[in-house]
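*Asks:* let me see the structure of the following:
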Amino acid sequence: MYQAVSHYHLPLLPYRIPLVYLELLFSLPINRSWFYLPPAGKPIANFFGCRAAAPFGKRQLSGCIIGIHENLPPGVDPSKIKNITRVIDAQPLFGEEEIRLAKWMSDYYFCAQGEALCAMLPSGRRTAGYSSFSDDDFDKNLASAPLTLSDEQRNALAGIDGASPQDIFYLHGITGSGKTEVFLRAAENTLARGRSVIYLVPEIALTKQTADALGRRFGGKAALLHSAMTGSEKLDEWMKIKRGEARIVLGPRSAVFAPVQDLGLLIIDEEHDGSYKSGMTPRYHARQVAMRRCAVYGAPLLMGSATPSAEAWQLMQNNKIKKLSLTRRLSGGTLPEIKIVSLAGAHGCLTSELKAEIRKTAAEGRQTILFLNRRGFAYFYHCPQCGCELTCKRCSVSLTWHKAKGYAECHYCGYRAAPPEACPNCGSLEAGFTGFGTELIEEELKTVFPDLTVKRLDADSAAAGNTLETTLTEFREGLVDILLGTQMVAKGLNFPGVKLVGVVFADIGLHLPDFRAAERVFSLLVQVAGRAGRFFPDGKVLVQTLRPSDPAIVRACALDLDGFYNAELAARRELRFPPFTRLIRWVLRGADEARVTSEAARLYKNVIPRLPPDADILGPAECPLSLLNGKYRRHIILRGERAGALHAAARLAMADFSNGADPRVYLETDVDPVALL
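*Replies:* Below is the predicted model of the structure:
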């Protein structure tokens, strides 16, 4: 058997001393390390930072070698130490900096260090898109004759170039104001000083667009890391970065871990985006990890968005983040005319006003983007006779009807069912699906506009081959008249031919039981409106809604950022929510509802006597999504003004709770959650 020891690290011995025992971390929810001998019959070598296959009970697991020692710690029986099976990597994947970062993540996010370390190299899946850059991508004309910067861009760039170590900047610019060019120039200047750059974007769609720009600007000096690459593709890029061959790295959330040589600048584009927060263990936020890495390297952090997060806005107001402003569009466009259109009394999903504008736009040879943040055909099954609803058998949510697939599906657990021909409760033939998703809108568009080319872009359509890349390319080249999509068409994309943007239904998500609901809707509306009129001064946006007087919708359509953030922050301060407090959320889940409820009550009792004076506790209560994938869910939220004191209370309560914890109830901890569903 392997020998388990409490999790701590022995000092690394100089490599000239014979290496005997290897210390490994595994991606397991156990915060400890294990000791092994080198492979049997193999010469002793420096395996530090490599992955290794090793026996673990009756299994073979892959772990990372984080220490090489002459002696075992006290209490470990040398006779029970086994050999690792083999060393997987010819060259180390991790260095001491990555291992220290994993230790920090373990402490801050209450996860095992092995889980944090393995999150840096997630397994990939194959999809279309870039897997690497080469010097063939380099555009010498672009390099020799770069775009002329505006005065605002030059001032912003001068501020970044004059940064002190660990400075934090926020490039706040309206959509189409040239933020990307400032990011690229700042990256160029950092590379010219011999340092490296990490450039984060939130969406795969934005990764492709920004990858094109980086390829033309930097060629083989750039590398791409994202979860849609195969494991071998990502490993190739990882090693290219680690060897120092690539000095600028692009990717979504996980690219924040890139093993760059001498980090000199870290960029977070669309900082407000929720996808920077991991939804699974370790539940890290890329923005917090970025701040940590910049602090270690003495590198400035540069964030940017047209719609900053409430936290970033508050820090800018308090001058804790240096604000850099871009206030005008640079490609001949102006901010679009935005109009609210009430859906009350409308026949179908598209109002007559929106249909008339689509027709007018097409007649002018221009393009339309329609946005609806809900995929599928219809999302709610209802019987008017008895009130029966068709919900997932494993989750407390409605099934969504996917007409093209021929089944109703749960978007949380994947459960599928054939839609009933009559109400399963009373047999009424009047029962059926209502509401609308992108599939239904696509069908209506093709019926109303048979002469126009319509393409749909959502998670369902993008899953097929290279649909995402092909659709965006065709739309950019003017081969598509109407692009209909979910939020993947709402942010960052730059299409010269777009005159009209239509928001089919602005209300989605507005009244979710989450304190960030209004902020998300506001941000999404401002972002999608920004796709119109980027190159011509005649952009138009129509926002369809059943709540035309809702403050978040009204302020988004007026592009009134000051008004929205002032009101939102005043409400957050009154209700004691971030950014004025910090949150730690516990979710307990299990198949037995009574056990989950009992364990939630026990955890609550453990934390109450340990709460700091400025903290309080919400719950225990049912989660808004109280049943997911057959598991009942209860949550407890700790809220306080001092993160350190809140962490200390949570750590002590969890330690006590773990003694005698019911193994059939799983506890997950989310530090600084961005969603409370």
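*Asks:* thinking R585 is in contact with R634, fair?
*Replies:* No - counting by C-beta atoms under 8 Å, R585 does not reach R634; the two are 11.3 Å apart. Every C-beta, even on glycine, is put in place using the N, C-alpha and C of the backbone.
*Asks:* and these two? which has more neighbours close in?
*Replies:* Counting neighbours by other C-beta atoms under 10 Å for R585 and for R634 shows that R634 has the greater number, 25 against 21.
*Asks:* now that one, what's its secondary structure?
*Replies:* Applying DSSP: H, G, I helix; E, B strand; the rest coil to R634 yields a three-state assignment of strand.
*Asks:* cool, and T210?
*Replies:* In the three-state summary, T210 is assigned as helix, counting by three-state DSSP.
*Asks:* that one is in contact with T180, isn't it?
*Replies:* Yes - with contact taken as C-beta under 8 Å, T210 and T180 are classed as touching, separated by 7.1 Å.
*Asks:* show me whatever sits in contact with both of those two.
*Replies:* Counting by C-beta atoms under 8 Å, 6 or more residues apart in numbering, the contacts common to T210 and T180 are D269.
*Asks:* quick check: domain ranges of this structure?
*Replies:* Dividing the chain into domains by automatic domain parsing, as the record does, gives the ranges 3-118, 135-326, 337-376+436-572, 582-671.
*Asks:* and the ones you listed as TSV, adding distance to L677 and mean pLDDT?
*Replies:* Shown next, in TSV, are the domains of the chain (distance: least, C-beta to C-beta, whole Å; pLDDT from 0 to 100):
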stretch	distance to L677	mean pLDDT
domain 3-118	19	84
domain 135-326	11	90
domain 337-376+436-572	6	89
domain 582-671	5	95
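*Asks:* rebuild those as TSV, extending it with distance to S398.
*Replies:* Below are these laid out as TSV (distance: least, C-beta to C-beta, whole Å):
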stretch	distance to S398
domain 3-118	32
domain 135-326	21
domain 337-376+436-572	11
domain 582-671	12
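*Asks:* tell me which element M239 is part of?
*Replies:* Using DSSP states H and E, M239 sits within helix 231-242.
*Asks:* one more: L652?
*Replies:* helix 643-658.
*Asks:* helices or strands next to the helix or strand that that helix is followed by in the packing?
*Replies:* Stepping forward along the backbone from helix 643-658, the first helix or strand reached (DSSP H and E) is strand 666-671. Helices and strands touching strand 666-671, by 3 or more C-beta pairs under 8 Å, 6 or more residues apart in numbering; DSSP states H and E, are helix 96-109, strand 582-590, helix 643-658.
*Asks:* repeat that for 10 Å
*Replies:* Packing contacts for strand 666-671, counted by 3 or more C-beta pairs under 10 Å, 6 or more residues apart in numbering; DSSP states H and E, involve helix 96-109, strand 582-590, helix 593-607, strand 631-640, helix 643-658.
*Asks:* ok, the second one: who's next to it in the sheet?
*Replies:* Yep, that's strand 582-590 we're talking about. Within its sheet, and counting by DSSP bridges, strand 582-590 is paired with strand 631-640 (antiparallel), strand 666-671 (antiparallel).
*Asks:* most tightly surrounded among those strands?
*Replies:* For these, the stretch with the most neighbours on average is strand 631-640, a mean of 22; neighbours defined as mean count of other C-beta atoms under 10 Å.
*Asks:* tell me what angle that one forms with helix 643-658.
*Replies:* On the basis of axes from the mean of the first three to the mean of the last three C-alpha atoms, to 10 degrees, strand 631-640 is oriented at 140 degrees to helix 643-658.
*Asks:* got the CA positions of strand 631-640 in PDB?
*Replies:* Extracted C-alpha coordinates of strand 631-640, given in PDB (Å, rounded to 0.1, in the frame of the first residue of the first chain):
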ATOM      1  CA  LYS A 631     -29.300  15.600  -5.800                       C
ATOM      2  CA  TYR A 632     -31.100  17.800  -3.200                       C
ATOM      3  CA  ARG A 633     -29.300  21.100  -2.500                       C
ATOM      4  CA  ARG A 634     -29.200  23.400   0.500                       C
ATOM      5  CA  HIS A 635     -26.900  26.400   0.900                       C
ATOM      6  CA  ILE A 636     -25.500  28.500   3.600                       C
ATOM      7  CA  ILE A 637     -23.900  31.900   2.900                       C
ATOM      8  CA  LEU A 638     -21.300  33.600   5.100                       C
ATOM      9  CA  ARG A 639     -21.200  37.400   4.700                       C
ATOM     10  CA  GLY A 640     -18.600  39.700   6.300                       C
END
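*Asks:* and the angle for that strand with helix 593-607?
*Replies:* In terms of direction (the same axes, to 10 degrees), strand 631-640 departs from helix 593-607 by 20 degrees.
*Asks:* please point out which parts of the helix holding M239 sit buried.
*Replies:* Of the residues in helix 231-242, those scored as buried under the neighbour-count criterion (16 or more other C-beta atoms under 10 Å) are E233, K234, E237, W238, M239, K240, I241, K242.
*Asks:* same check on stretch 364-376?
*Replies:* Neighbour-count burial for stretch 364-376, with 16+ other C-beta under 10 Å as criterion, is recorded at R366, Q367, T368, I369, L370, F371, L372, N373, R374, R375, G376.
*Asks:* of the residues you listed, which belong to strands?
*Replies:* The subset of those located in strands under the criterion DSSP state E comprises Q367, T368, I369, L370, F371.
*Asks:* the strands in the stretch 351-500 of the chain, which residues?
*Replies:* Listed in chain order, the strands of the stretch 351-500 of the chain (DSSP state E, counting those that start in this stretch) span 367-371, 380-382, 400-402, 407-409, 416-417, 432-434, 454-457, 482-485, 498-503.
*Asks:* format these as JSON lines; extra columns: distance to A615.
*Replies:* Shown next, in JSON lines, are the strands of the stretch 351-500 of the chain (distance: least, C-beta to C-beta, whole Å):
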{"stretch": "strand 367-371", "distance to A615": "40"}
{"stretch": "strand 380-382", "distance to A615": "39"}
{"stretch": "strand 400-402", "distance to A615": "39"}
{"stretch": "strand 407-409", "distance to A615": "41"}
{"stretch": "strand 416-417", "distance to A615": "43"}
{"stretch": "strand 432-434", "distance to A615": "44"}
{"stretch": "strand 454-457", "distance to A615": "44"}
{"stretch": "strand 482-485", "distance to A615": "42"}
{"stretch": "strand 498-503", "distance to A615": "40"}
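*Asks:* between those, which one is closest to A258.
*Replies:* strand 454-457 (28.2 Å; C-beta to C-beta).
*Asks:* who touches the closest one?
*Replies:* Strand 454-457 is contacted from outside by 205, 368-370, 372, 375, 404, 438-439, 441-446, 448, 461-462, 467-468, 470-472, 474-475, 479-486, 488-489, using C-beta atoms under 10 Å, 6 or more residues apart in numbering.
*Asks:* now, of those, which are buried?
*Replies:* Burial by neighbour count, 16+ other C-beta under 10 Å: within the contacts of strand 454-457 this picks out 205, 368-370, 372, 375, 438-439, 441-445, 461-462, 467-468, 471-472, 475, 480-486, 488-489.
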